[in-house]
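# next one to model:
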Amino acid sequence: MISHIVTVFWRDWIVLKRRLTRYILARMVSPILYLIAFGWGLGRNITMTTGSYLDYIVPGIIALNSMNICFAALGTPVNMSRLYHKTLEEYLLAPINAFSYVVGKVLAGVMRGLISSVIIIFFAYLFGAQLKINAWFLLALFMNCAVFAALGLVAALFMNSHEEMSNFNTYVLTPMSFLCATFFAPSQLPAFLYWIIEILPLTHASYALRQSSLTGEIPGLSLIVLAVYLSSLLWIGVRKMQQLQD
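Numbers count the residues shown, from 1 in each chain. From the prediction side, this is the model:
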């Protein structure tokens, strides 16, 4: 099983390695714009009780960016390979079980998210952010990448057109991008909206990254929530792949 997982992962790594420089340069644009706009721009006018607004917002930017990168790494490519290019059929016919395919693909998405997050952390330090990178921070980052890579895979296996994938981005990812504790605390929202936001995975990813990087505390509850999301999405992905193989 491990060799099959590595095979699926390695195929994606080979594809990425061929254009790694362009990939890294492209991933530098959004983080720099976020840091300039919210760190140097808006952040100068916001007073925090502890630390600066830049220190507060960087974990949210990392959570937001890794969500988008990991989802995009699997969402559209897998959807197109299933519906248009028909290359998913190669995996279905190969002696690779559904679990190995799903885990290998998710790990490939995590790899892209981690590369992008390292770029953000690098520029955050250049901009003067004070982050504590510890084991809990890294675990929360990995969990967030894995959750949204798995979500991208599941969405790609269920959506039946490119338009449906775009709608999923619009109605699911875009609201989470702005509301899930990335730029401000959800407690400022109306009560009915606050409780909805509190159960979403990006909220807990933001909480976990911020808590571990600013205070060094263990974000236990948020990590448990992310683990529940990840295990559920992996199970759904494996079941759907098994149905496609049948």
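# read off the pLDDT value for the residue nearest to Leu157 when sequence neighbours are not counted.
Distances taken as Cβ to Cβ, 6 or more residues apart in numbering put Lys240 closest to Leu157, at 4.5 Å, once the chain neighbours are dropped. For glycine as for every other residue, the C-beta is placed from the backbone atoms N, C-alpha and C. On pLDDT, Lys240 comes in at 90.
# what does the one 4 residues further on give?
Here the pLDDT value assigned to Leu244 is 82.
# surely it meets Tyr91?
No - using Cβ atoms under 8 Å, Leu244 makes no contact with Tyr91, being 9.3 Å away.
# so for these two, which residue has more residues nearby?
Tyr91 (22 against 15; other Cβ atoms under 10 Å).
# any idea of the mean pLDDT in stretch 179-197?
89.
# show me the contact partners of it.
For stretch 179-197, contacts defined as Cβ atoms under 8 Å, 6 or more residues apart in numbering pick out 38, 57, 60-61, 63-64, 198, 200, 202-203, 205-207, 210.
# just the endpoints, please. Distance across that stretch?
Taking Cα to Cα, to the nearest Å as the measure, stretch 179-197 stretches 7 Å from start to finish.
# chain center to that stretch, what's the gap?
Counting by Cα atoms, centre = their mean, to the nearest Å, stretch 179-197 is centred 19 Å from the centre of its parent chain.
# next one: stretch 156-169
18 Å.
# pLDDT (mean, whole number) over that stretch?
Stretch 156-169 comes out at a mean pLDDT of 87.
# the residue nearest to Leu157: neighbour count?
Based on other Cβ under 10 Å, the number of other residues close to Lys240 is 17.
# pretty sure it sits against Val154.
Yes - counting by Cβ under 8 Å, Lys240 touches Val154, with 7.0 Å between them.
# who are the contact partners of the most centrally placed residue in the chain?
In the chain, the residue lying closest to the centroid (Cα atoms, centre = their mean) is Met67, at 2.5 Å. Going by Cβ under 8 Å, 6+ apart, Met67 touches Asn144, Phe148, Leu173, Met176, Ser177, Leu202, Ala205.
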